[in-house]
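Engineer: Need coordinates for the following:
(one chain, ligands or ions: 2)
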Amino acid sequence: MSSHGTPIPMTARKSGPLKGTAAVPGDKSISHRALIFGAMAVGETKITGLLEGEDVLDTAKAMQALGADVVREGAGEWTVHGVGVGGFTEPADVIDCGNSGTGVRLIMGAVATHDFCTTFTGDGSLRKRPMGRVTDPLALFGARSVGRSQGRLPLTLIGAAEPVPVEYETPVPSAQVKSAVLLAGLNAPGQTVVIEKEMTRDHTERMLVGFGAELSTETTPEGYHKITLTGRPELTPQEVAVPRDPSSAAFPVCAALIVEGSEVFVPGVSQNTTRNGLYTTLVEMGANISFENPRTEGGEPVADLRVKYSKLKGIEVPPDRAASMIDEFPVLSVVAAFAEGTTVMRGVKELRVKESDRIDAMARGLEACGVEIEEDHDTLIVHGRGAKGVKGGATCATHIDHRIAMSFLVMGLASEQAVTVDDGSPIATSFPVFEKLMAGLGAAITRNN
Ligand SMILES: O=C(O)C1=C[C@@H](OP(=O)(O)O)[C@@H](O)[C@H](O)C1
Ligand SMILES: C=C(OP(=O)(O)O)C(=O)O
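Structural biologist: Ligands and ions are numbered 1, 2, ... in the order given. Alright, predicted model coming up:
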């Protein structure tokens, strides 16, 4: 039973060709950051295209609780009157980040170098996720924290009264950890340095530069990604146009690839190389995707995708691509089930600490639907059914995980028998218009109660 909300079981049935345009909402990562950087700038930041999903709305509430003025002006249009770097005030109540790892970890970073105390919590999924990966580097700035065992939420963070700058090499490939350290470094004197062995999504770096921080990036002789941030800048308010979310676009794209006769147009999909690993992988599998009208939107390189049903083959995904498609492995494993041959996903252990253990959740659901898999701690291998087709016919557990729910619903659109998910309610955390958008393409997805 989820503590996210009342479970909403949903079912997807074999559908006719999917046709039309899938204009997915704003990018979740960029939406969180637009609110947080807006709150740390002096003056009014205007945001358009903000993702109004539960995760981002929780971050908006948190920014208000810390003293910023955050106002919804219209659909996706928000203004943030920031309090300036170092200007947050102690929240009067617990900050509840709901289902959002990004929200809680970035906000922990933002308050860690403020001389006050913040208590964080979240839903049943977030309370299981590891926070030590963020509280460990924040301790180097002088922040202290007390959480449940293994640093789980609820957790209280006592910010550093006299923060010191930090040099930190991230032990796991995580943009959330990198961003937490950089956000803490904003209110520390001197230079904060983050080094990552594998480069993760770079929205924090791009947006900090956009908001006027002094930040430089370089590749070290070992090939690592090194970021140097000068603390205590005055951030200048911005007009942020949030581009569409490539992680949400993955669902209509993958659905079109596996539902026979489909042709779907997906505008404005990020071509940022720290986010587009799924699309590279799909092309290697033989996907018929054309990348049209390349341009820049909201500071991100984007293209319009025209996607046609394709006969796909299994491939080995290079492990060094994992970070650039980390949220897309669940839906890739669905596509792999329909491909001819085996798809090997190695170097994916980070999937075990997402909203759910995504290797386990996908493995169990795929098996229940008649797909043979192999897994170990860091690997998921899917033996594609190809011409034999996917049986389906199971109810898959989603474990309060939006991407698991959407992935199995996509699977049901092309399986012989319907696929049910026990709880589709978490879809609202990242893709609140998923059902409407998929219905518009002709996908047979229904709620069961
Ligand atoms: O920084 C971000 O916006 C995100 C980073 C990734 O998490 P990790 O940093 O934990 O890999 C990703 O899974 C998440 O959906 C969003
Ligand atoms: C992992 C995800 O988000 P978060 O870590 O912000 O909860 C995701 O959206 O797939």
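Engineer: So what sits opposite the residue nearest to Met199 when sequence neighbours are not counted in the bridge?
Structural biologist: Leaving aside its chain neighbours, Met199 sits nearest to His225 (4.2 Å; criterion: C-beta to C-beta, 6 or more residues apart in numbering). Every residue, glycine included, has its C-beta placed from N, CA and C. Here His225 sits in beta bridges with Glu196, Thr219, as judged by DSSP bridges.
Engineer: Counting neighbours, what do you get for His225?
Structural biologist: 20 (other C-beta atoms under 10 Å).
Engineer: correct me, but it touches Arg201?
Structural biologist: No: judged on C-beta atoms under 8 Å, His225 makes no contact with Arg201 at a distance of 11.4 Å.
Engineer: just for the stretch 1-150 of the chain, where's the confidence low?
Structural biologist: Scanning the stretch 1-150 of the chain for pLDDT under 70 picks out 1-3.
Engineer: Tell me which helix or strand comes right after the strand or helix carrying Gly82.
Structural biologist: Secondary structure from DSSP states H and E places Gly82 in strand 77-83. Using DSSP H and E, the helix or strand that follows strand 77-83 in sequence is strand 95-96.
Engineer: does any bit of whichever helix or strand comes after that next one sit next to ligand 1?
Structural biologist: Counting by DSSP H and E, the next helix or strand C-terminal to strand 95-96 is helix 101-111. Yes: shown here: helix 101-111 in contact with ligand 1 (C-beta under 6 Å from any ligand atom) through 101-102.
Engineer: The helix or strand following helix 101-111 near ligand 2 at all?
Structural biologist: Going down the chain from helix 101-111, the next helix or strand is strand 117-121, by DSSP H and E. No: contact between strand 117-121 and ligand 2 is absent, the nearest approach being 13.4 Å (criterion: C-beta under 6 Å from any ligand atom).
Engineer: Within the sheet, what are the partner strands of the helix or strand Val70 falls within, with directions?
Structural biologist: Element membership of Val70, judged by DSSP H and E, is strand 69-74. Its sheet considered, strand 69-74 pairs with strand 77-83 (antiparallel) by DSSP bridges.
Engineer: where's the strand it pairs with relative to the chain centroid, distance-wise?
Structural biologist: 22 Å (C-alpha atoms, centre = their mean, to the nearest Å).
Engineer: Extract the C-alpha trace of that strand and format it as CSV.
Structural biologist: Extracted as CSV, the C-alpha positions of strand 77-83 are listed here (Å, rounded to 0.1, in the frame of the first residue of the first chain):
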residue,chain,number,x,y,z
GLU,A,77,3.9,30.6,-16.0
TRP,A,78,5.5,31.3,-12.6
THR,A,79,7.3,34.2,-11.0
VAL,A,80,9.8,33.9,-8.2
HIS,A,81,10.9,36.8,-6.1
GLY,A,82,14.2,35.6,-4.8
VAL,A,83,15.9,36.4,-1.5
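Engineer: before we move on, the earlier item: in the strand holding Gly82, what counts as buried?
Structural biologist: Within strand 77-83, the residues scored as buried using 16 or more other C-beta atoms under 10 Å are 78, 80-83.
Engineer: Make a markdown table out of those residues and add distance to ligand 1.
Structural biologist: What follows is the buried residues of strand 77-83, written out as a markdown table (distance: C-beta to the nearest ligand atom, whole Å):
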| residue | distance to ligand 1 |
| --- | --- |
| Trp78 | 18 |
| Val80 | 18 |
| His81 | 24 |
| Gly82 | 20 |
| Val83 | 22 |
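Engineer: re earlier: what residues does the strand holding Gly82 touch?
Structural biologist: 34-35, 38-48, 50, 60, 63, 66-73, 89, 235, 237 (C-beta atoms under 8 Å, 6 or more residues apart in numbering).
Engineer: Cross-reference the residues you listed with the strands and report the matches.
Structural biologist: The members of the contacts of strand 77-83 that map onto strands under DSSP state E are 42-48, 69-73.
Engineer: Can you turn the buried part of these into a ChimeraX selection?
Structural biologist: In ChimeraX syntax, the buried subset of the ones in strands among the contacts of strand 77-83 is picked out as below (16+ other C-beta under 10 Å):
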select :45,46,47,48,70
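Engineer: Just name the closest of the ones in strands among the contacts of strand 77-83 to Asp304, please.
Structural biologist: Proximity of these to Asp304 (C-beta to C-beta) peaks at Thr48, which lies at 19.1 Å.
Engineer: List the contacts of that closest one.
Structural biologist: Contacts for Thr48 (C-beta under 8 Å, 6+ apart) come out as 76-77, 239-242.
Engineer: quick one: which of those residues is nearest to ligand 1?
Structural biologist: The closest of the contacts of Thr48 to ligand 1 turns out to be Val242 (C-beta to the nearest ligand atom; 12.5 Å).
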